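**Student:** model this:
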Amino acid sequence: MLRALLLVGLLFTWAAPSQSVDLDALDWKTSSDEPIIGSPDAKPGGTFHTWISSYPLTFRIVGPDSNDQFAGWNRSQTTDFTLVWKHPTTDAYIPCLATEWAVEDDHRTLYFRLDPDARWSDNTPVTADDFVFALEMLKDEDIVDPFWNNYVRETYESVTALDKHTLQIVGAQPSWRPLYDFNLFPLPRHIHEVDETWVKRHNREPSVGLGPYVIGEMIEGQSITFEKIDDWWGAEKRTFQGLYNVDKIRIAVIPDIDRAFDHFQKGELDFYRVTSAKKWATGTDIEAIRQGWVHKRRTFVDVPQGIHGLAINLERPKFQNKDFRKAIQYAFDFDDLNENLMFSAYYRKVSAFEGTEYENPDLRPYGFDPKKCREHLSRAGYSRRGDDGFFVNEAGEKASFSLIYGSPAWSAFLTIMKQRYQTLGIEIELTLLEAGTAFKRGLDRNYDAVHTSRASSSYPAPYQYFHTDFLSTRNNNNVWAFGSPHTDELIETYRFNMDKDARVAAMHELDAIIQDEAFYVPFFQAPYVRFVYWDHVRFPDFYFPKRFEQMENWQVFWIDEAKREAVKAAVAAGSAYPPDSVVDVDPYGIKLAVEAAMAGGGTEQ
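**Tutor:** Have a look, this model is predicted:
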């Protein structure tokens, strides 16, 4: 247990808001009746053992090399502590560093009252000036972080400290989700002096944070340990109940994922997330699971699934024929690939906005249909097979396209896909490129088809993916060169209309148009977390919050050290525990909803 004793005196200069505001007259909101995020049964104490694949190049939270695998744990104690949080199960806004908030009718001017108990990990009080400094620092090019430079300049008009614990934020433009768009984390002015030497000076220095842990022991190239702060300021706050239960988090550096599983089997790691369908199906039949010392779970969660599949380049003449694009859709045999190569582990993606309230619930996959594939090929002009078995048009051009991809892990999947297309008379030429090169080819629209994957935040971002503003340029996310005046109107409705019903209706229509235009071949989604864990790791009955993505984000687990010793004794004696009767856990009905949406198969488009 650590508690830094450094106390730093600060001088603050408070500013009046740009227009005189009666703060007491504002409609202040808070939330005190949302369910706690973790479990009331969680017990404090113990050490959680986990792993990353490489030792961090920096401990900074912004700037060069600050977005590596360690960054998630680093941010969990720093930038994740924003003014408000979205409850990860109910989606309601709840206090974090702010106890109350008010939003003006202009939808871009916000006020926050800070929790006066909030302290940095060096015991310095958090003040409104730290948020002012955050904007200043993130704008500063000396941090060498173009993402943050651009983001804050485009998002915020101003951040003003009205007094020590009252903050005004003005967004660059109105928003129907102002608490989401204009939320902000602080940065400690008393720690940072930003100049051309800042990056180097802070490179190996653990960040002063806001969470309950600080970095303690660091063994270069081997491990990093987070240690809990005595008397952490948030310990009694409702928002954090059931979270941050362990005393230490030891993160070992293990370069290879299979080696990490070996460490797990030896009991050196407490938890192992299984990302491979093959490993889940064939590689987890281990003694520790058979004996009941280790548990195997697939827990369904509800998070945006992003975009994943084939992007088709509408700038290529062959793909300007919609029937040819639809033939490609009907030739994709998801069920065969999923069953024979992916161990039936996945679900078919349908929507471009999968996993959000903006996905169109009426959409169904095209489905594998050789008859419809041939019908659309014929309509596209490919009416006869050539000597090599591929369909050709009157000009003798093959029903053919090239497909580039950026990871050898996809070679088997795409090769089998190519073979199935070949039986239907469509030729695919596969080209494996270095990952960065393949990604760049997509951004530049220098391809026929490209395997693409794009993550999504809580809200879809159709503007960057489907708006005509990006048609006349390259190096952007409208990789398919799609857009029309009508779809632009739908996107603008989503971006700026304050009526939620109008936004949802616009996005549902846009989703249907995207599917009908057939330039995106969705692959699969995985709305769950697959993992194995030793019996001394404890979870709530629901395992994870509904919006769970990573262990470091929502630390609802706890460690029972007495059970750890009991398991060690059982292993030594060869004494079995009762076997698991359940593997799948679906506390939010996600599995049922996804399977219901998949029912009915493809329909003619």
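**Student:** separation between the residue nearest to residue 243 when sequence neighbours are not counted and residue 91?
**Tutor:** Distances taken as C-beta to C-beta, 6 or more residues apart in numbering place residue 38 nearest to residue 243, at 4.9 Å, with adjacent residues excluded. C-beta: built from backbone N, CA, C; applies to glycine. Distance, residue 38 to residue 91, by C-beta to C-beta, to the nearest Å: 17 Å.
**Student:** these two: which is more packed in?
**Tutor:** residue 38 (22 against 12; other C-beta atoms under 10 Å).
**Student:** quick check, that one in a strand?
**Tutor:** No. Read with DSSP: H, G, I helix; E, B strand; the rest coil, residue 38 is coil and lies in no strand.
**Student:** can you offset everything so residue one is 18?
**Tutor:** Right, with 18 as the first residue, what we last looked at is residue 55.
**Student:** hmm, who's touching the lengthiest helix in the chain?
**Tutor:** Looking across the chain with DSSP state H, the single longest helix is helix 517-534. Helix 517-534 is contacted from outside by 193, 339, 342, 367-370, 374-380, 477, 479, 483, 499, 504, 506-508, 510-511, 514, 537, 622, using C-beta atoms under 8 Å, 6 or more residues apart in numbering.
**Student:** avg pLDDT for it?
**Tutor:** Regarding helix 517-534, the rounded mean pLDDT is 98.
**Student:** and it, how far out from the chain middle?
**Tutor:** When distances are taken as C-alpha atoms, centre = their mean, to the nearest Å, helix 517-534 is centred 23 Å away from the chain's centroid.
**Student:** put the alpha carbons of that helix into PDB.
**Tutor:** C-alpha atoms of helix 517-534 as PDB (Å, rounded to 0.1, in the frame of the first residue of the first chain):
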ATOM      1  CA  LYS A 517     -33.900  11.200 -31.300                       C
ATOM      2  CA  ASP A 518     -36.700   9.600 -33.200                       C
ATOM      3  CA  ALA A 519     -35.600  11.500 -36.300                       C
ATOM      4  CA  ARG A 520     -32.000  10.400 -35.800                       C
ATOM      5  CA  VAL A 521     -32.900   6.800 -35.400                       C
ATOM      6  CA  ALA A 522     -35.200   6.800 -38.400                       C
ATOM      7  CA  ALA A 523     -32.500   8.400 -40.500                       C
ATOM      8  CA  MET A 524     -29.900   5.900 -39.500                       C
ATOM      9  CA  HIS A 525     -32.200   2.900 -40.000                       C
ATOM     10  CA  GLU A 526     -32.900   4.200 -43.500                       C
ATOM     11  CA  LEU A 527     -29.200   4.700 -44.200                       C
ATOM     12  CA  ASP A 528     -28.400   1.200 -42.900                       C
ATOM     13  CA  ALA A 529     -31.000  -0.300 -45.300                       C
ATOM     14  CA  ILE A 530     -29.500   1.700 -48.200                       C
ATOM     15  CA  ILE A 531     -26.000   0.600 -47.400                       C
ATOM     16  CA  GLN A 532     -27.100  -3.100 -47.400                       C
ATOM     17  CA  ASP A 533     -29.100  -2.700 -50.600                       C
ATOM     18  CA  GLU A 534     -26.200  -1.000 -52.400                       C
END
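**Student:** how is the protein divided into domains?
**Tutor:** Listed by automatic domain parsing, the domain ranges of the chain are 40-47+95-217, 232-319+544-609, 324-543.
**Student:** need those in JSON lines (columns: distance to residue 65).
**Tutor:** What follows is the domains of the chain, written out as JSON lines (distance: least, C-beta to C-beta, whole Å):
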{"stretch": "domain 40-47+95-217", "distance to residue 65": "17"}
{"stretch": "domain 232-319+544-609", "distance to residue 65": "5"}
{"stretch": "domain 324-543", "distance to residue 65": "24"}
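**Student:** with respect to residue 70, which of these lies nearest?
**Tutor:** Within those, the stretch nearest residue 70 is domain 232-319+544-609; the backing value is 5.6 Å (C-beta to C-beta).
**Student:** buried residues in the helix or strand containing residue 393?
**Tutor:** Taking DSSP states H and E as the definition, residue 393 sits inside helix 387-396. Going by neighbour count (16 or more other C-beta atoms under 10 Å), the buried part of helix 387-396 is 389-394.
**Student:** cool, stretch 72-89 as well?
**Tutor:** So, applying 16+ other C-beta under 10 Å, buried residues of stretch 72-89: 72-73, 75-80, 83, 87-89.
**Student:** quick one: low-confidence ranges for this structure?
**Tutor:** Residues of the chain meeting the criterion pLDDT under 70: 18-36, 617-622.
**Student:** tell me which element the residue of it most remote from its centre falls in.
**Tutor:** Residue farthest from the centre of the chain, counting by C-alpha atoms, centre = their mean, is residue 404 at 47.6 Å. Element membership for residue 404 (DSSP H and E) is empty, with no helix or strand holding it.
**Student:** surely residue 176 forms part of a strand?
**Tutor:** Yes. Assignment of residue 176 by three-state DSSP places it within a strand.
**Student:** check contacts around residue 135.
**Tutor:** Residue 135 is in contact with 114, 142-143, 227, 250-251, counting by C-beta under 8 Å, 6+ apart.
**Student:** in those, find the pair that's most separated.
**Tutor:** 142 and 251 (13.6 Å).
**Student:** so how far is residue 453 from the residue farthest from the centre of the chain?
**Tutor:** From residue 404 to residue 453 the distance is 39 Å (C-beta to C-beta).
**Student:** list just the nearest of the buried residues of helix 387-396 to residue 353.
**Tutor:** Distances from residue 353 to the buried residues of helix 387-396, taken by C-beta to C-beta, are shortest for residue 390, at 14.0 Å.
**Student:** so that closest one touches residue 347, yeah?
**Tutor:** Yes. Using C-beta atoms under 8 Å, residue 390 makes contact with residue 347 at a distance of 4.0 Å.
**Student:** now the two most distant members of the buried residues of stretch 72-89.
**Tutor:** So, these by C-beta to C-beta: farthest apart are 72 and 79, at 19.2 Å.
**Student:** what ranges do the helices span in the stretch 68-217 of the chain?
**Tutor:** 88-92, 145-156, 163-172, 195-198, 215-218 (DSSP state H, counting those that start in this stretch).
**Student:** and the first one, how far out from the chain's middle?
**Tutor:** Relative to its parent chain, helix 88-92 has a centroid offset of 13 Å by C-alpha atoms, centre = their mean.
**Student:** again with the fourth one
**Tutor:** In this view, helix 195-198 has its centroid 18 Å away from the chain centroid, taken as C-alpha atoms, centre = their mean.
**Student:** next: the longest one.
**Tutor:** The gap between where helix 145-156 is centred and where its chain is centred comes out at 25 Å by C-alpha atoms, centre = their mean.
**Student:** which other helices and strands does it contact?
**Tutor:** Counting contacts by 3 or more C-beta pairs under 8 Å, 6 or more residues apart in numbering; DSSP states H and E, helix 145-156 is packed against helix 163-172, strand 173-180, strand 183-188.
**Student:** mind running it again at 10 Å?
**Tutor:** If contacts are counted by 3 or more C-beta pairs under 10 Å, 6 or more residues apart in numbering; DSSP states H and E, helix 145-156 sits against strand 126-131, helix 163-172, strand 173-180, strand 183-188.
**Student:** could you find the closest non-adjacent residue to residue 427?
**Tutor:** Residue 427 sits nearest to residue 468 (C-beta to C-beta, 6+ apart), 6.1 Å away.
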